[in-house]
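# What would the 3D arrangement of this be:
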Amino acid sequence: MEFKVPTMAELMAAGEEPEILFWVGCAGSYDERAQKITRDICKILHHVGIKYAVLGTEESCTGDPAKRAGNEFLFQMQAMTNIEVLNAYNIKKIVTGCPHCFNTIKNEYPGLGGTYEVIHHTQLIQDLINEGKLKAEGGESFKGKKITYHDPCYLGRGNGIYEAPRKALEVLDAQLVEMKRCKSNGLCCGAGGAQMFKEPEKGNKDINVERIDEALETSPQFIAAGCPFCMTMLSDGIKLKDKEQEVKVLDIAEITARANGL
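Numbering: from 1, shown residues only. The predicted structure follows:
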């Protein structure tokens, strides 16, 4: 399926406004694995006929890693730059592919003059399922497949979003198995708080390995994720355990796109 993803600048030049801005994020732009998730989110938006746009080269990092690593000054500079761009385009509603971008724009930006309706892509998918625009038919069947879902910290415990991702999986008629630690008692994948960009401190076990052990206890065929950082950590854990053939790690957007034959 080939289609063009419009930028805000292009829509603006044509005197048009999108219903929703898709905030791609750094991982979604530059990380090879996360780029696939970005494409699938675009496919879903295109498939249901939502008028959307991306910022393209005008988008820069939300400042989440800088803030979590303690560089408040850099964070504010990055945030202000983005808020100026968003406000100039009169953006009202934003969907993100990353819980970190989601949390930062939703909760940190209002204090700096950027107030928008922000949703995570799993919430968008849930809404589309509720409205009957996404059916989970016409593509790969996940019927009876064992899927376990890993709650990203900034989606689950950070913002209380547990329902949407599970709703997106329930519609598949799959067998949803929960890990021991899930929902409000979930465990971090090990990449949050800017840990993604540094080596772990000395300890007896890496957090992502601990998490993968918990996931494998449910003997899943698929591990569902909702965050590009979790995707990296969980995939690395699966590689380490030599389970790449038996267990696939997929984002909710990828599973949804597959189920709908996009």
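# alpha carbons only for contacts and neighbour counts from here, please
Fine.
# any idea which helix or strand carries residue 33?
Using DSSP states H and E, the element containing residue 33 is helix 32-48.
# I'd like to know which elements that helix is packed against.
helix 25-30, helix 228-240, helix 252-259 (3 or more CA pairs under 8 Å, 6 or more residues apart in numbering; DSSP states H and E).
# which ones are touching the closest residue to residue 225 other than its chain neighbours?
The shortest distance from residue 225 to any non-neighbouring residue, by CA to CA, 6 or more residues apart in numbering, is to residue 251 (4.6 Å). The contact partners of residue 251, taken as CA atoms under 8 Å, 6 or more residues apart in numbering, are 37, 224-227, 231.
# try 7 Å
Residues in contact with residue 251 (CA atoms under 7 Å, 6 or more residues apart in numbering) are 37, 224-226.
# hang on, the earlier thing: mind checking which of the helices and strands packed on helix 32-48 is nearest residue 141?
helix 252-259 (6.1 Å; CA to CA).
# model confidence over the closest one, on average?
Averaging pLDDT along helix 252-259 yields 96.
# List of residues touching it?
Against helix 252-259 from outside (CA under 7 Å, 6+ apart): 37, 40-41, 44, 122, 136-141, 165, 224-226.
# could I get the contacts of residue 251 as JSON lines with distance to residue 246 and pLDDT?
Shown next, in JSON lines, are the contacts of residue 251 (distance: CA to CA, whole Å; pLDDT from 0 to 100):
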{"residue": "37", "distance to residue 246": "21", "pLDDT": "98"}
{"residue": "224", "distance to residue 246": "14", "pLDDT": "98"}
{"residue": "225", "distance to residue 246": "17", "pLDDT": "98"}
{"residue": "226", "distance to residue 246": "20", "pLDDT": "98"}
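# Just flag the most distant two among the residues you listed.
Across the contacts of residue 251, the longest distance by CA to CA is 12.2 Å; it joins 37 and 224.
# re the thing from before, quick one: the helices and strands packed on helix 32-48 as TSV, columns for mean neighbour count too.
Written out in TSV, the entries for those read as follows (neighbours: other CA atoms under 10 Å):
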stretch	mean neighbour count
helix 25-30	18
helix 228-240	21
helix 252-259	24
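# Redo these as a markdown table? Include distance to residue 86.
Converted to a markdown table, the helices and strands packed on helix 32-48 look like this (distance: least, CA to CA, whole Å):
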| stretch | distance to residue 86 |
| --- | --- |
| helix 25-30 | 14 |
| helix 228-240 | 23 |
| helix 252-259 | 25 |
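# what about the strands in the protein?
Assigned by DSSP state E, the strands in the chain fall at 20-23, 52-53, 93-96, 117-120, 146-149, 175-176, 222-225, 248-251.
# any chance of these in CSV, with distance to residue 105 too?
What follows is the strands of the chain, written out as CSV (distance: least, CA to CA, whole Å):
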stretch, distance to residue 105
strand 20-23, 10
strand 52-53, 17
strand 93-96, 9
strand 117-120, 7
strand 146-149, 24
strand 175-176, 31
strand 222-225, 21
strand 248-251, 21
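# between those, which gets the lowest average pLDDT?
When I compare the strands of the chain, strand 175-176 is least confident, with a mean of 94.
# Which strands or helices does that strand pack on?
strand 146-149 (3 or more CA pairs under 7 Å, 6 or more residues apart in numbering; DSSP states H and E).
# Could you list every helix and strand that the strand it packs on packs against?
Strand 146-149 packs on strand 175-176, strand 222-225, going by 3+ CA pairs under 7 Å, 6+ apart.
# and residue 85, which of those strands is closest to it?
Closest to residue 85 of these is strand 222-225 (CA to CA; 29.9 Å).
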